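Novice: Return a 3D structure for these sequence lines:
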Amino acid sequence: MGIIYKLKPEVRERILAERNNHPQLSCRALAQLVEKKFQTKISKSSINNVIKQAGASLPVGRKPKKKQLTKALSLPQVTVKGLVPLSLPREETVPAPETAEATDRGLSLPERKAPAGTVPTQAASAEEPAAVEESAIVTQASGEQACSGAILLKAIDALLGGSQSIAQALSKQLAQPKPELRTKIQDCLDKKISLDISQSYLQDLEQVIIKPSVAKDILGEILKLVHSLKFSLLNGGSFYLDSQLHTVWPAMHMPESFSTTIYEAKSYIAKFLTQELPLVLFMAPDTDTPSAEFFSFLQGLDLIKRVSYLGVDAEELEGLDIEQVKRRFFVFGLWPWQFLSHRKVQKIGEFKPFYSEALERDFYLAEIEIILMQPIAQQDITIKGLALKLKSADKIHLAILSNLPEIKPETLVELYLSRWPNLEEAYEDFTRKIEFFTYAGPGRGLLKEGEDGQSEIGQDLGTLLNRYLHVLSEYFKKYFLPLNYEKEEFSRMKDLFYGLSATCNSEGSRTNVWFKLPAADPAALQYALARLNERSICLSDQRILRFFLRPAEVQKGLSKGG
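Specialist: Reported below is the predicted structural model:
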């Protein structure tokens, strides 16, 4: 926690003045401004405490809607025994209520939206928030470097693995190490966006001869989309996950918009199987009753015998047999309205404040233990985790549940939020896509060879990279933007997104990227950045990319040093 008594009065006054003038400034940004003005380093937690003591904190989370769910769980009057105590890095505690009535600890959240009664149009399905939310606007840390919107396509390349596949195919031919060649290929793609291939080594690289059959195989692998993952178990059971890992499904009937590339799907599953990282799902299945498949997921991860990567027509693109039976782990979110008649809160602890470094916002956490019941199989399972509030006076916003043993509370919540940082907005996007899929049916996949008039790949690397750049843009439009962008030409996309000004810096295990506002379509940009932040995208340095928006007036204040 920050040490408040070291702050001089003029420093404290400056912090509060900047907060009042620019309420969207994060604690990190305020710390940067203070350092530039007074040559004094102040921790983010100290900044946060100054703001709290002055009563200048912004409300956390979204403004409450007019209607709220009032259903609550029946909670026994129990004390938490035997659970690892919360070791949260803040001193303030929230007093426990005088009584243990069920409604005081019930799970509640803004009213869940019912499916639309009419078939949504393309514009309706693509509807996004009209204004940029303050929670999406932050400012940058020190050590920033200028970059551009081309980093959006670099992020997509990390999902498709195209530059790596091309480098692997050409490594022996050019007698160059794959990492070095991959960097050159990425540089070439960046320069193509700006129409600047002036460097001689890029010109030479573009002229490298590549067999059309090799180029076709590379593009074929890049364009291979995984619709779902099937996990077959030793006990004869099975379950499906969409390849973006939103939730568990009873079968393959899920939106095509939840697909991802074979490269991304295999990379994530490899980490789960070999590095013992948990499967972090967005939520439990969006059903009234826990399904048998969901219980297979909860109870059967140790019994996986085969993972199948399935295409949109249920064909197995690739499969992986698992020989070793071992302990495996999961994390998922449980919303207040889920499984109302088939769950029971067994224990719940005292809520304590927690500041998320990853999201730069306050939460309140308490340990929780929930029993889930599957009525058909007459089974139940007890799962521990955390109850999360946005404000101390709120009801529980979300439960984060896991079978990870002896994990620290702050580690569990950061593990979930680093994968799914958008919470309610992500749920709204999830349900919107399901509704559109229900009414409109399966969508169109990525462009196949020849659909865009570019059936001839050519015999040099430059032509292949031109084609791949087109594929990157198509993927970005289809999976990260509203539907009304699907037919935009590359030149228009460059004006709207790829040519935007941005800055970036590395901080710990992350690379932060800030886009400046105003942009031509800030709502669409915000939507795209939110979806990108849900994919844990890593570049070659293995740092996770995080995208943010920054208003122009904040940039002006930072550049002047206060």
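
Novice: the strands in the stretch 401-550 of the chain, which residues?
Specialist: All strands of the stretch 401-550 of the chain, identified by DSSP state E, counting those that start in this stretch, fall at 501-507, 510-516, 544-550.

Novice: between those, which gets nearest to Phe294?
Specialist: Smallest distance to Phe294 across these (C-beta to C-beta): 28.3 Å, for strand 544-550. Yep, even glycine has a C-beta here, placed from its N, CA and C like the rest.

Novice: Packing partners of that closest one?
Specialist: Based on contacts counted as 3 or more C-beta pairs under 8 Å, 6 or more residues apart in numbering; DSSP states H and E, the elements that strand 544-550 packs against are helix 150-160, strand 510-516, helix 522-532.

Novice: rerun at 6 Å
Specialist: Applying 3 or more C-beta pairs under 6 Å, 6 or more residues apart in numbering; DSSP states H and E, one finds that strand 544-550 contacts strand 510-516.

Novice: what are the pairing partners of the strand it packs on, and which direction each?
Specialist: Strands adjacent to strand 510-516 in the sheet, as given by DSSP bridges, are strand 501-507 (antiparallel), strand 544-550 (parallel).

Novice: out of those, which comes closest to Glu221?
Specialist: Among those, strand 544-550 comes nearest to Glu221, with 23.0 Å by C-beta to C-beta.

Novice: Tabulate the CA atom coordinates of the closest one in CSV.
Specialist: This file holds the C-alpha atoms of strand 544-550, laid out as CSV (Å, rounded to 0.1, in the frame of the first residue of the first chain):
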residue,chain,number,x,y,z
ILE,A,544,0.4,-10.3,-23.8
LEU,A,545,-1.0,-7.4,-25.8
ARG,A,546,-3.5,-5.2,-24.1
PHE,A,547,-5.3,-2.5,-26.1
PHE,A,548,-6.8,0.8,-24.7
LEU,A,549,-8.3,4.0,-25.8
ARG,A,550,-7.0,7.4,-24.7
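
Novice: which one of the strands of the stretch 401-550 of the chain lies closest to Leu225?
Specialist: For Leu225, the closest of the strands of the stretch 401-550 of the chain is strand 544-550, at 21.4 Å, according to C-beta to C-beta.

Novice: Show the average pLDDT along that closest one.
Specialist: Rounded to a whole number, the mean pLDDT of strand 544-550 is 91.

Novice: so how far is that strand off the chain centroid?
Specialist: 11 Å (C-alpha atoms, centre = their mean, to the nearest Å).

Novice: So what sits opposite Leu320 in the bridge?
Specialist: Note on Leu320: beta-bridge partners Val307, judged by DSSP bridges.

Novice: mind listing what's buried in the longest helix seen in the chain?
Specialist: Among the elements of type helix in the chain, defined by DSSP state H, the one spanning the most residues is helix 461-480. Using 16 or more other C-beta atoms under 10 Å as the test for burial, helix 461-480 gives 461-469, 471-480.

Novice: just stretch 399-411 next, same as before
Specialist: Of all the residues in stretch 399-411, those buried under the rule 16+ other C-beta under 10 Å are 399-404, 407, 409-410.

Novice: same question, stretch 248-267
Specialist: So, applying 16+ other C-beta under 10 Å, buried residues of stretch 248-267: 248-250, 254-267.

Novice: Report the distance from that stretch to the chain centre.
Specialist: 15 Å.

Novice: do the same with stretch 317-327
Specialist: Taking the mean C-alpha point of stretch 317-327 and that of its whole chain, the gap between them comes to 26 Å (C-alpha atoms, centre = their mean).

Novice: what's the answer for stretch 182-195, then?
Specialist: Going by C-alpha atoms, centre = their mean, the spacing between the C-alpha centre of stretch 182-195 and its chain's C-alpha centre is 26 Å.

Novice: Kindly report the same for stretch 281-291.
Specialist: The chain centroid and the centroid of stretch 281-291 are separated by 19 Å, computed with C-alpha atoms, centre = their mean.

Novice: buried sites along it?
Specialist: Taking 16+ other C-beta under 10 Å as the basis for neighbour counts, the residues of stretch 281-291 that come out buried are 281-286, 289-291.

Novice: Please spell out the segments of the stretch 351-500 of the chain that come in under the pLDDT threshold.
Specialist: Low-confidence segments of the stretch 351-500 of the chain (pLDDT under 70): 441-458.

Novice: Tell me which stretches of it form helices.
Specialist: Ranges of helices within the stretch 351-500 of the chain are 409-419, 424-440, 461-480, 490-493, based on DSSP state H, counting those that start in this stretch.

Novice: right, so of these, which gets closest to Ile371?
Specialist: Nearest of the helices of the stretch 351-500 of the chain (C-beta to C-beta): helix 409-419, 19.1 Å.

Novice: Give me the packing partners of that closest one, helices and strands only.
Specialist: By contact count (3+ C-beta pairs under 6 Å, 6+ apart), the secondary structure elements abutting helix 409-419 are strand 379-389.

Novice: try it again with 8 Å
Specialist: With contacts defined as 3+ C-beta pairs under 8 Å, 6+ apart, the secondary structure elements packing on helix 409-419 are strand 279-280, strand 330-334, strand 352-356, strand 361-374, strand 379-389, strand 398-402.

Novice: can you put these in JSON lines and add distance to Ile304?
Specialist: Below are the helices and strands packed on helix 409-419 laid out as JSON lines (distance: least, C-beta to C-beta, whole Å):
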{"stretch": "strand 279-280", "distance to Ile304": "11"}
{"stretch": "strand 330-334", "distance to Ile304": "12"}
{"stretch": "strand 352-356", "distance to Ile304": "32"}
{"stretch": "strand 361-374", "distance to Ile304": "20"}
{"stretch": "strand 379-389", "distance to Ile304": "18"}
{"stretch": "strand 398-402", "distance to Ile304": "18"}
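
Novice: Which of those sits closest to Leu532?
Specialist: With respect to Leu532, and counting by C-beta to C-beta, the nearest of these is strand 279-280 at 16.5 Å.

Novice: can you give me how far the closest one is from the chain middle?
Specialist: A distance of 12 Å separates the centroid of the chain from that of strand 279-280, by C-alpha atoms, centre = their mean.

Novice: How about stretch 35-42?
Specialist: Centroid separation between stretch 35-42 and its chain, computed with C-alpha atoms, centre = their mean, is 33 Å.

Novice: List the buried residues in it.
Specialist: Under the neighbour-count criterion of 16+ other C-beta under 10 Å, stretch 35-42 has Ile42 buried.

Novice: Looking at the buried residues of stretch 399-411, spot the one nearest Ser356.
Specialist: Checking those against Ser356 by C-beta to C-beta gives Glu410 as the nearest, at 8.4 Å.

Novice: Verify the contact between that closest one and Tyr355 for me.
Specialist: No - between Glu410 and Tyr355 there is no contact under C-beta atoms under 8 Å: 9.2 Å.

Novice: ok so Met254 is a helix residue?
Specialist: No - secondary structure assignment (DSSP: H, G, I helix; E, B strand; the rest coil) places Met254 in coil, not in a helix.

Novice: Identify the residue spatially nearest to it, adjacent ones excluded.
Specialist: The shortest distance from Met254 to any residue that is not its chain neighbour, by C-beta to C-beta, 6 or more residues apart in numbering, is 5.0 Å, and that residue is Asp242.

Novice: so what's the one you found scoring on pLDDT?
Specialist: 97.

Novice: ditto for Trp249
Specialist: What the model reports as pLDDT for Trp249 is 95.

Novice: That one contacts Ser243, correct?
Specialist: No - distance between Trp249 and Ser243: 11.0 Å, which falls outside the contact criterion (C-beta under 8 Å).

Novice: Overlap in contacts, the two.
Specialist: Overlap between the neighbourhoods of Trp249 and Ser243 consists of Ser228, taking contacts as C-beta atoms under 8 Å, 6 or more residues apart in numbering.

Novice: Between the two ends of stretch 527-537, how far is it?
Specialist: The first and last residues of stretch 527-537 sit 16 Å apart, counting by C-alpha to C-alpha, to the nearest Å.
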